[in-house]
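Peer 1: make a model of this:
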Amino acid sequence: MATLHDVRLLFVICCLVGVIVTAIVVPIVVSNSGDGSSGSDAESESSAVCTNRTQSQGGWGTSCSGNNPGCYRDAHFCECFPLGVAIGCGPVGQWLKFTSSLAVDNFLPKGGSPSAITVRAKNPLSGDTGTDGSFAGNLLSAKLNVGFDACDPNFSSCASNTSTLCFKSNTLPSGAFHCNGYTVAQVITASDYIIGGCGAVMCTMVAPPKLCNLSPSTLNACLDVFNNNFVDGNTNLGKIGVCGNECSKST
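Peer 2: Predicted coordinates:
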């Protein structure tokens, strides 16, 4: 028969075990948000306080002055694009590659009718033959936007990368409406194949078929919408946003 001493000893052991189990279990029961808060709370807080960032062609095509986008480009290009940044669909098609911040500055901004490029060139200048058209400028700017965002956690106040955001139907201009429901990354991928002249067949191997059959003019309009949606990280025109049920299309 257990004595009073045995009962007290058992009670103490059970209490100690309870404390140990609690100490082990409680820290594990947290969300994947990384800060110990619940996922929904973290998402609510993020959407309430963060703003994504993009820069237009004009922004990325400025020389450094004060604290403008040109200064950011100069300070971070080598870190974020150690192998340079390219547009097009090399080695099969046409492509342009930029290996320095100065090369980007020398190329942007680009005007003219959106069209495919017709050359393969490294560090081309804005007026070089075969590189004409705003399509090239907007595609390069879009790649800079998502690349800097993925590389530098301080590029914007949002944790999510802009490449995963979607084009939103109710606010898109008519020229960019066909990109509704697709992610920024999907539009950029399709644009690379179309601007490089690789055609819709090759494009559909890596991007949604509908995007691969859009014209350079339409894809350029979509990229222009993206580049101007979050200018300087303190603007949100509402044309790009978190993907809902209608977004992230695969066809």
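
Peer 1: strands of the chain, start to end?
Peer 2: Using DSSP state E, the strands of the chain run over 85-88, 95-98, 120-122, 166-167, 240-241.

Peer 1: ok, which of those comes nearest Ala159?
Peer 2: strand 240-241 (15.4 Å; CB to CB). All C-beta spots, glycine's among them, are computed from the backbone N, C-alpha and C.

Peer 1: in the sheet, which strands lie alongside the closest one, parallel or antiparallel?
Peer 2: Strand pairing for strand 240-241, using DSSP bridges, gives strand 166-167 (antiparallel).

Peer 1: where does the prediction get shaky in this protein?
Peer 2: Counting by pLDDT under 70, the chain shows low-confidence ranges at 1-49, 245-250.

Peer 1: the strands of the chain into TSV, with extra columns for distance to Ala142?
Peer 2: Below are those laid out as TSV (distance: least, CB to CB, whole Å):
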stretch	distance to Ala142
strand 85-88	9
strand 95-98	13
strand 120-122	19
strand 166-167	12
strand 240-241	11
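
Peer 1: tell me which of those strands sits most buried.
Peer 2: Each of those was given a mean neighbour count from mean count of other CB atoms under 10 Å, and the largest, a mean of 24, is that of strand 166-167.

Peer 1: nearest to Thr189, out of the strands of the chain?
Peer 2: strand 85-88 (11.3 Å).

Peer 1: any idea how far that closest one is from the chain center?
Peer 2: 15 Å (CA atoms, centre = their mean, to the nearest Å).

Peer 1: quick one: strands adjacent to it?
Peer 2: strand 95-98 (antiparallel).

Peer 1: Gly137 contacts Leu108, doesn't it?
Peer 2: Yes - counting by CB atoms under 8 Å, Gly137 does reach Leu108; the two are 5.5 Å apart.

Peer 1: more neighbours: which of those two?
Peer 2: Comparing Gly137 with Leu108 by other CB atoms under 10 Å, the one with more neighbours is Gly137, at 29 against 25.

Peer 1: the residue nearest to the more buried one when sequence neighbours are not counted: neighbour count?
Peer 2: Excluding its sequence neighbours, the residue lying closest to Gly137 (CB to CB, 6 or more residues apart in numbering) is Lys110, at 2.9 Å. Lys110: 21 surrounding residues under other CB under 10 Å.

Peer 1: again, but for Gly111
Peer 2: Residues near Gly111, counting by other CB under 10 Å, number 10.

Peer 1: next up, the contacts around it.
Peer 2: Counting by CB atoms under 8 Å, 6 or more residues apart in numbering, Gly111 touches 134, 137.

Peer 1: renumber starting at 84 from here on
Peer 2: Taking 84 as the first residue, the last one we looked at is Gly194.

Peer 1: how much space separates it from Leu227?
Peer 2: Taking CB to CB, to the nearest Å as the measure, Gly194 falls 18 Å from Leu227.

Peer 1: quick check: Leu320 touching Asn312?
Peer 2: Yes - counting by CB under 8 Å, Asn312 is a contact partner of Leu320 at 4.9 Å.
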